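Student: The following block contains a protein sequence and its predicted model.
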Amino acid sequence: MNKPLNITNPVYPIMIAIGVAHLINDTMQAVIPAMFPIFKSELGLTFTQIGLISFVLNIFASALQPVVGFVSDKKPMPYALPIGMISSFIGIAVIAFTTQYWVILIAVLFLGFGSAVFHPEGSRVSFMAAGSKRGLAQSIYQVGGNSGQALAPLISAYIFDIFGQRGAAIVLVASTFGIILLSKIARWYKKQLEQERIAKKKRVLVSTLPPLTKKQVGIALALLFTIIFARSFYTTNITSFYVFYLMGHYDVSLRLGQILIFTFMAFGVVGTFFGGSLSDRIGRKNVIILSVVVPMPFCLALPYVPLWTAVLFLVIIGTLIMISFSVTVVYAQELVPTKIGTMAGLTTGFAFGMGAIGAMVIGILMDHKGIDFTMMVVSLLPLLLLIAFFLPKDKPASTTA
């Protein structure tokens with residue numbers, strides 16, 4: 001029987017490298033929402049059709065991620081990382097040159113597959129390189145992904161607005177670098193697995209939570225997934241559809257609207273980075289509650305304020321609502337510390353899935369009830385986040401190291 005191996009020394013080059021790879025992966029995913037204005041203006045798609053594209057992309061990734069995580073917990077797959085990015089490369093290449101709606105839907109399946117393979121295995125690499133810096137490592141990893149997502153409005157404003165749909169091909173340059181980088185990471189990953197096998201020891205996660213029954217773990221996971229649902233639904237609304245509200249309600253240009261969305265996402269990256277290291281010091285639950293209580297009044301008021309105030313609110317909401325992004329992944333892994341890949345796949349996959357459903361529902365609402373009404377309804381969603389108070393209390397990681 002394998003003995004547990006508790007490694008405390010972080011491997012910072014790998015932590016940073018997998019974060020950069022995550023940036024490239026999610027930049028490729030971000031091409032899709034960045035193209036929404038192009039799909040609407042050049043291809044004449046409805047909001048519902050646009051929502052369906054996002055739904056197909058994210059629900060496919062959502063369904064596969066827990067499966068990949070479960071399989072990788074039993075049999076890790078280092079070279080699945082570059083293979084996943086090759087799949088995303090194919091998807092972007094097709095999207096750049098097709099005008100057929102059904103072909104776009106097929107192409108996003110390749111992107112969804114690439115994302116589904118990358119996230120659980122990428123999270124495992126982050127864990128293996130983390131040592132005692134679990135929160136920091138997960139923050140670096142998630143900052144890479146959120147940075148990639150944050151590039152979506154800039155890609156729309158400065159690539160698609162200039163080059164049109166074929167501008168997507170520019171992203172293939174980054175994808176090529178990502179395939180090379182992930183091939184190198186995969187070799188390091190494989191070497192770590194070989195060392196574990198020779199030593200007959202396996203890395204374990206030291207949980208900061210008290211001993212919990214299976215029922216308590218199940219309730220905690222249900223609460224956590226509800227938090228992820230509300231956060232993902234809300235942020236999908238801002239990142240994918242709020243630009244249409246800015247253009248219609250405040251009469252701003254598409255480019256300015258996309259820059260404002262980038263502002264929201266960029267400050268979300270800042271929040272994500274500090275959230276993980278902060279949770280190592282004050283505890284995961286405390287950070288999750290912080291991300292719930294402080295931004296809530298700003299979320300509720302956002303649809304009703306003037307433009308300059310909306311910009312300020314976007315900065316505050318983006319920073320604070322995303323401060324728990326990486327923390328929820330770590331919290332789920334500590335609830336079930338023997339299933340690192342499965343928990344990473346479930347949490348990130350669930351976030352993708354809720355984003356997919358959110359995009360579909362929001363698109364239908366906007367087509368049938370109007371943009372203003374939809375924004376007011378979605379602004380109420382953060383109220384669900386208050387259930388964070390009922391999560392089990394954990395200890396700061398510094399006291400368990």
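Tutor: Received it, and whenever you're ready, just let me know what you need.

Student: Neighbours of Phe127, how many?
Tutor: 20 (other Cβ atoms under 10 Å). (C-beta placed from N, C-alpha, C; glycine too.)

Student: Skipping adjacent residues, who's closest to it in space?
Tutor: Ile340 (5.4 Å; Cβ to Cβ, 6 or more residues apart in numbering).

Student: For Val217, give me its contacts.
Tutor: Applying Cβ atoms under 8 Å, 6 or more residues apart in numbering, we find Val217 in contact with Leu335, Val336.

Student: C-terminal to the helix or strand where it lies, which secondary structure element comes first?
Tutor: Using DSSP states H and E, Val217 falls within helix 214-236. Using DSSP H and E, the next helix or strand after helix 214-236 towards the C-terminus is helix 242-249.

Student: about what we covered before: sort out which residues of the helix holding Val217 are buried, please.
Tutor: If you call a residue buried by 16 or more other Cβ atoms under 10 Å, then helix 214-236 has these buried ones: 220-221, 223-225, 227-236.

Student: Ok, stretch 184-194 next?
Tutor: Buried residues in stretch 184-194, counting neighbours by 16+ other Cβ under 10 Å, are found at Ile185, Ala186, Trp188, Tyr189, Gln192, Leu193.

Student: so which helix or strand takes in the last one?
Tutor: Mapping Leu193 onto the secondary structure by DSSP H and E places it in helix 171-199.

Student: What helices and strands are in contact with that helix?
Tutor: If you count contacts as 3 or more Cβ pairs under 8 Å, 6 or more residues apart in numbering; DSSP states H and E, helix 171-199 packs onto helix 12-34, helix 80-97, helix 101-130.

Student: what would those look like in JSON lines with mean pLDDT?
Tutor: Conversion of the helices and strands packed on helix 171-199 to JSON lines gives the following (pLDDT from 0 to 100):
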{"stretch": "helix 12-34", "mean pLDDT": "88"}
{"stretch": "helix 80-97", "mean pLDDT": "92"}
{"stretch": "helix 101-130", "mean pLDDT": "88"}
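
Student: Tell me which of these approaches Ile159 most closely.
Tutor: Nearest of those to Ile159, taken as Cβ to Cβ: helix 12-34 at 7.8 Å.

Student: Run the angle between the closest one and helix 171-199 for me.
Tutor: Using axes from the mean of the first three to the mean of the last three Cα atoms, to 10 degrees, one finds that helix 12-34 and helix 171-199 are set 140 degrees apart in direction.

Student: Quick one: list the elements packing against helix 12-34.
Tutor: Applying 3+ Cβ pairs under 8 Å, 6+ apart, one finds that helix 12-34 contacts helix 47-74, helix 80-97, helix 101-130, helix 134-155, helix 171-199.

Student: Deepest-packed of those helices, please.
Tutor: Mean neighbours per residue, mean count of other Cβ atoms under 10 Å, is largest over the helices and strands packed on helix 12-34 for helix 134-155, with a mean of 26.

Student: just how off-centre is that one within its chain?
Tutor: 8 Å (Cα atoms, centre = their mean, to the nearest Å).

Student: got the CA positions of it in PDB?
Tutor: The C-alpha coordinates for helix 134-155 follow below in PDB (Å, rounded to 0.1, in the frame of the first residue of the first chain):
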ATOM      1  CA  ARG A 134      -2.000  25.500  -1.900                       C
ATOM      2  CA  GLY A 135      -3.900  28.700  -2.000                       C
ATOM      3  CA  LEU A 136      -1.100  30.600  -3.700                       C
ATOM      4  CA  ALA A 137      -0.600  27.900  -6.300                       C
ATOM      5  CA  GLN A 138      -4.300  27.700  -7.100                       C
ATOM      6  CA  SER A 139      -4.400  31.500  -7.400                       C
ATOM      7  CA  ILE A 140      -1.500  31.600  -9.900                       C
ATOM      8  CA  TYR A 141      -3.200  28.800 -11.900                       C
ATOM      9  CA  GLN A 142      -6.600  30.600 -11.800                       C
ATOM     10  CA  VAL A 143      -5.200  34.000 -12.500                       C
ATOM     11  CA  GLY A 144      -3.800  32.600 -15.700                       C
ATOM     12  CA  GLY A 145      -7.200  31.400 -16.700                       C
ATOM     13  CA  ASN A 146      -9.000  34.600 -15.600                       C
ATOM     14  CA  SER A 147      -6.500  36.700 -17.400                       C
ATOM     15  CA  GLY A 148      -7.200  34.700 -20.600                       C
ATOM     16  CA  GLN A 149     -10.900  35.300 -20.200                       C
ATOM     17  CA  ALA A 150     -10.300  39.000 -19.500                       C
ATOM     18  CA  LEU A 151      -8.700  39.300 -22.900                       C
ATOM     19  CA  ALA A 152     -12.000  38.600 -24.600                       C
ATOM     20  CA  PRO A 153     -13.300  42.200 -24.800                       C
ATOM     21  CA  LEU A 154      -9.900  43.500 -25.900                       C
ATOM     22  CA  ILE A 155      -9.800  40.800 -28.600                       C
END
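
Student: That one: what's the following helix or strand?
Tutor: For helix 134-155, the following helix or strand on the C-terminal side (DSSP H and E) is helix 161-163.

Student: Identify all contacting residues around that next one.
Tutor: Outside helix 161-163, the residues that touch it by Cβ under 8 Å, 6+ apart are Ile170, Leu254, Arg255.

Student: Okay, buried residues for that helix please.
Tutor: Buried residues in helix 161-163 (16+ other Cβ under 10 Å): Asp161.

Student: Could you pull up the residues touching the nearest residue to Gly84 once chain neighbours are set aside?
Tutor: For Gly84, ignoring the flanking residues on the chain, the nearest one in space by Cβ to Cβ, 6+ apart is Val117 at 3.3 Å. Residues near Val117 by Cβ under 8 Å, 6+ apart: Leu64, Val68, Ala80, Leu81, Ile83, Gly84, Ser87.

Student: Might one say that Phe36 is in contact with Ile50?
Tutor: Yes - when contacts are counted by Cβ atoms under 8 Å, Phe36 is listed as touching Ile50 (5.2 Å).

Student: wouldn't Gln65 be in contact with Thr348 here?
Tutor: Yes - applying Cβ under 8 Å, one finds Gln65 in contact with Thr348, separated by 5.9 Å.
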